[in-house]
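1. Predicted structure and sequence below. I'll ask about it afterward.
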Amino acid sequence: MLSNIGPFQLLIVLAIVLAIFGTKRLRTLGSDLGSAVKGFRSAVSEADKEPAEIETNESTESTDFSSAKTTQPEEQK
């Protein structure tokens, strides 16, 4: 479906986008998009590191739930 898009069609789409947003707004949109992608990549790499850290913490700590507070749900009127 997208393989049929040629350079002429891309040029038309670019001209329409420029007419709608203008060059100044496109520059800020590009900057915002770049920041979002950078933040997403850092979050993904941070999430990849977390499981290894969680495994090491779980193996060194024993969990004791007997001293945990429990709360009773309030009755609804």
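-> Looks like it came in fine. Numbering: from 1, shown residues only.
2. And the helices in this structure?
-> Using DSSP state H, the helices of the chain run over 7-60.
3. so where is the protein shaky, pLDDT-wise?
-> For the chain, residues meeting the criterion pLDDT under 70 lie at 1-2, 50-73, 75-77.
4. let's go with 50 and repeat that
-> Residue ranges of the chain with pLDDT under 50: none are present.
5. what residues are up against residue 8?
-> By Cβ atoms under 8 Å, 6 or more residues apart in numbering, residue 8 lies in contact with nothing. For glycine as for every other residue, the C-beta is placed from the backbone atoms N, C-alpha and C.
6. For residue 17, see how far away it is.
-> 15 Å (Cβ to Cβ, to the nearest Å).
7. repeat for residue 25
-> For residue 25 relative to residue 17 (Cβ to Cβ), the value is 10 Å.
8. before we move on, what about residue 11?
-> 11 Å.
9. which one of those two has more residues nearby?
-> Neighbour count, other Cβ atoms under 10 Å: between residue 11 and residue 17, residue 17 has more, with 13 against 10.
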